[in-house]
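> Build the 3D model from these lines:
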Amino acid sequence: MSPPPSAPATRRRWFPYAAGVVLLLLLGFGLRPRPSVVETARAVTGPLHATVSEEGKTRIRDRFVVSAPVTGQLRRVPFKPGAVVAAGDVVAAIEPMAATPLDPRSRALAEARRTAAAATLEKVAAAHALAVSELRRVERMFAEQTVSPQDLEGAQLRETVAAREVVAAEGALRAAEAELAGAGSGRDAGPGLVEVRAPVAGRVLRVFQESERPLAAGTPVLELGDPSDLEVVIELLSRDGAALAPGARVELDQWGGPQPLAARVRLVEPAAFTKISALGVEEQRVNVVADIVTPLAERPTLGDNFRVEARVFLWESDRVLKVPVSALFRRGGAWAAYVVRGGRAALVPVEAGRSSGTEVQVLAGLQEGDEVVLYPGDRVQDGMRVQPVRI
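Prediction:
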């Protein structure tokens with residue numbers, strides 16, 4: 001009977017089997033699928049606002065164009081743009097144009113017209129006197145019942161017509177005399193200077209006519225306004241303007257100062273207009289007018305027709321559940337997201353709300369603290385093992 005094997009010999013006999021098992025385990029561990037590295041973020045509760053940014057420009061709320069009240073010679077305007085004027089200050093002076101003298105031929109014709117008008121007046125005056133005399137005679141005869149009522153009415157009509165002819169002849173004579181008297185000889189002294197006064201206090205915005213020159217009545221001379229009373233006009237797409245209500249908050253950037261200016265929407269104009277974009281696309285836009293509420297001391301250099309970058313707040317809330325926009329994607333006509341649960345990506349349907357462009361409101365489907373996958377694309381599938389890398 002052979003002796004039993006020793007312990008060292010037994011271990012040497014089982015060593016190859018143990019090494020094979022370890023090798024198989026290492027091969028299985030090395031060949032198993034590795035988890036996909038994904039960027040993730042947390043669903044958090046915080047403030048969210050939906051905005052739209054467009055260029056705008058400032059303008060003075062009330063502008064006043066001062067025009068020439070009479071035709072005449074404008075004296076040189078002493079004001080430059082930016083000059084301060086008070087209500088009632090003289091901003092322009094106009095010397096009314098004197099009558100143009102007549103040449104000898106025109107004067108002779110005017111004198112002939114006056115002579116003819118005077119002769120016509122004498123003629124119709126005599127005819128009127130005759131008609132009055134005839135009317136009195138017919139009235140006496142009608143009282144004695146020797147003429148018919150028709151004869152009386154005919155006499156009254158002739159007297160009325162003759163009286164109106166006298167009035168017309170008198171007017172023609174006055175016109176002919178005024179033509180001669182108004183034209184004069186060129187040496188007649190015209191009326192005094194007409195002073196044009198500022199209707200309101202403010203500053204001179206533009207000077208249309210500065211040098212001395214003849215002006216027709218109604219010609220603009222200068223423009224006045226108060227630069228401290230500014231508003232902003234923003235051209236928004238009509239769909240964005242329809243979502244605005246008076247009082248909406250506006251921030252004005254890139255106006256030249258270090259801090260944004262605060263403004264409030266006062267009016268969304270009721271009529272839109274068509275505008276061609278830089279890409280050649282027709283867009284329907286609407287003017288949104290906002291009042292600047294930042295004190296004047298913080299914007300002393302902002303003036304009329306200055307460019308600003310306006311950020312209009314369409315909607316805002318102080319506390320909503322939100323995730324980055326890159327976490328949501330469309331699936332079957334609805335929104336969805338991948339949530340990391342137990343080291344695996346779980347597909348979750350999501351109901352999205354408002355968006356700020358970088359973050360989106362979550363109405364249902366996620367809870368605060370959920371870790372969502374960003375930019376999932378086609379490489380992430382439901383149930384896949386993932387390795388989160390939080391940003």
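> measure V77 to G202 for me?
16 Å (C-beta to C-beta, to the nearest Å). In short, each C-beta sits where N, CA and C put it, glycine included.
> no wait, A168
52 Å.
> Please identify which of those two sits among more neighbours.
G202 (23 against 13; other C-beta atoms under 10 Å).
> Run through the bridge partners of that one.
Residues in a beta bridge with G202, per DSSP bridges, are V85.
> Retrieve the pLDDT associated with it.
On the pLDDT scale, G202 is placed at 89.
> What is the burial count for the residue nearest to E195 when sequence neighbours are not counted?
In this structure, E195 finds its nearest non-sequential neighbour in V90, 4.7 Å apart by C-beta to C-beta, 6 or more residues apart in numbering. Applying other C-beta under 10 Å, we find 12 other residues in the vicinity of V90.
> So V90 sits against L193, correct?
No: using C-beta atoms under 8 Å as the test, V90 is too far from L193 to be in contact (9.6 Å).
> Please identify the buried residues of stretch 105-116?
A110, R113, R114 (16 or more other C-beta atoms under 10 Å).
> got any ranges where the stretch 201-350 of the chain has weak pLDDT?
By pLDDT under 70, the stretch 201-350 of the chain has no low-scoring segment.
> For it, which segments are assigned as strands?
202-207, 213-215, 220-225, 230-237, 249-253, 261-268, 273-276, 282-292, 307-324, 329-331, 334-341, 344-355 (DSSP state E, counting those that start in this stretch).
> Which neighbouring elements make contact with the first one?
Using 3 or more C-beta pairs under 8 Å, 6 or more residues apart in numbering; DSSP states H and E as the contact criterion, the neighbours of strand 202-207 among helices and strands are strand 84-85, strand 220-225.
> so which of the strands of the stretch 201-350 of the chain comes closest to E122?
strand 213-215 (41.8 Å; C-beta to C-beta).
> Looking at the residue nearest to E195 now. What's its pLDDT?
92.
> how close does it get to L374?
70 Å.
> And for A169?
Distance from A169 to L374, by C-beta to C-beta: 99 Å.
> Kindly report the same for D226.
From D226 to L374 the distance is 52 Å (C-beta to C-beta).
> Among these two, which residue is more densely surrounded?
Each of D226 and L374 has its neighbours counted (other C-beta under 10 Å); L374 has more, 20 against 17.
> Report the contact partners of that one.
Going by C-beta atoms under 8 Å, 6 or more residues apart in numbering, L374 touches V38, E39, T40, A41, P324, S326, A327, I391.
> and if you look at E111?
L180.
> how close does it sit to A50?
With C-beta to C-beta as the criterion, E111 and A50 are 83 Å apart.
> try A278
24 Å.
> Counting neighbours around each, name which of those two comes out higher.
Legend: neighbour count by other C-beta under 10 Å for A278 and A50, higher for A50 (19 against 5).
> How about the secondary structure of the more buried one?
Using DSSP: H, G, I helix; E, B strand; the rest coil, the structure places A50 in strand.
> my read: it touches R311, true?
No: counting by C-beta under 8 Å, A50 stays clear of R311, with 10.9 Å between them.
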